[in-house]
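Novice: missing the sequence, but the structure's below:
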């Protein structure tokens with residue numbers, strides 16, 4: 001039984017804290033690249049050139065969104081995420097990520113970064129596990145072979 005079997009409360013406050021502060025990666029699948037470039041009304045090639053970086057993972061590559069000098073996501077503006085309707089799954093599933101759910105204390109420590117953790121809507125264990133499975137499935141398709 002998962003420690004979160006009774007569910008977890010989380011509501012996105014759209015504060016942008018999870019989109020800034022520390023260096024990191026927002027990995028993209030082919031479908032996400034298509035969706036975001038279409039939303040921005042630019043070609044996929046232009047999107048990849050202007051907004052992503054290629055990450056060498058040893059045996060494969062990943063595309064990740066670029067960051068600004070302060071490590072904020074390139075799409076974080078004064079009014080929040082400028083691609084919110086088509087934001088990557090990695091962003092949509094936060095804070096229900098494997099490593100944050102591996103330990104109750106770790107999950108609730110995230111409240112220091114995210115004011116929505118432990119607040120608002122109750123997400124069931126079933127819903128959380130569906131999000132985890134969706135992320136794992138997506139991860140299998142995002143890698144670019146060398």
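Specialist: Perfect, I can see it now. Bear in mind that the values here come from a model prediction, so they are computed numbers and not experimental data.
Novice: please make it C-alpha for all contacts and neighbour counts, starting now.
Specialist: Fine.
Novice: give the contact list for residue 64.
Specialist: Contact analysis of residue 64 by CA atoms under 8 Å, 6 or more residues apart in numbering lists 25, 26, 27, 28, 52, 53, 54, 55.
Novice: wait, the fifth one sits on residue 68?
Specialist: No: judged on CA atoms under 8 Å, residue 52 makes no contact with residue 68 at a distance of 11.4 Å.
Novice: give me the more crowded residue out of the two.
Specialist: residue 52 (20 against 13; other CA atoms under 10 Å).
Novice: what sits closest to the more buried one if chain neighbours are left out?
Specialist: Spatial nearest neighbour of residue 52, excluding adjacent residues (CA to CA, 6 or more residues apart in numbering): residue 65 at 4.3 Å.
Novice: same check on residue 13?
Specialist: Nearest residue to residue 13 in three dimensions, chain neighbours excluded: residue 116, at 5.8 Å (CA to CA, 6+ apart).
Novice: could you do residue 76 as well?
Specialist: That would be residue 82: by CA to CA, 6+ apart, it lies 6.3 Å from residue 76.
Novice: now do the one you found, the pLDDT please.
Specialist: The confidence metric pLDDT takes the value 95 at residue 82.
Novice: for it, give its distance to residue 29.
Specialist: Here residue 82 is placed at a distance of 19 Å from residue 29 (CA to CA, to the nearest Å).
Novice: of these two, which one has the most company?
Specialist: residue 29 (21 against 14).
Novice: still on that earlier bit, which of the contacts of residue 64 tops the neighbour count?
Specialist: Counting by other CA under 10 Å, top hit in the contacts of residue 64: residue 28 with 24 neighbours.
Novice: who's in contact with residue 89?
Specialist: For residue 89, the contacting residues are residue 135, by CA under 8 Å, 6+ apart.
Novice: what do you get for residue 91?
Specialist: By CA under 8 Å, 6+ apart, the residues touching residue 91 are residue 26.
Novice: hang on, the earlier thing: now the residue nearest to residue 76: phi and psi?
Specialist: phi -80, psi -10 (degrees, to the nearest 10).
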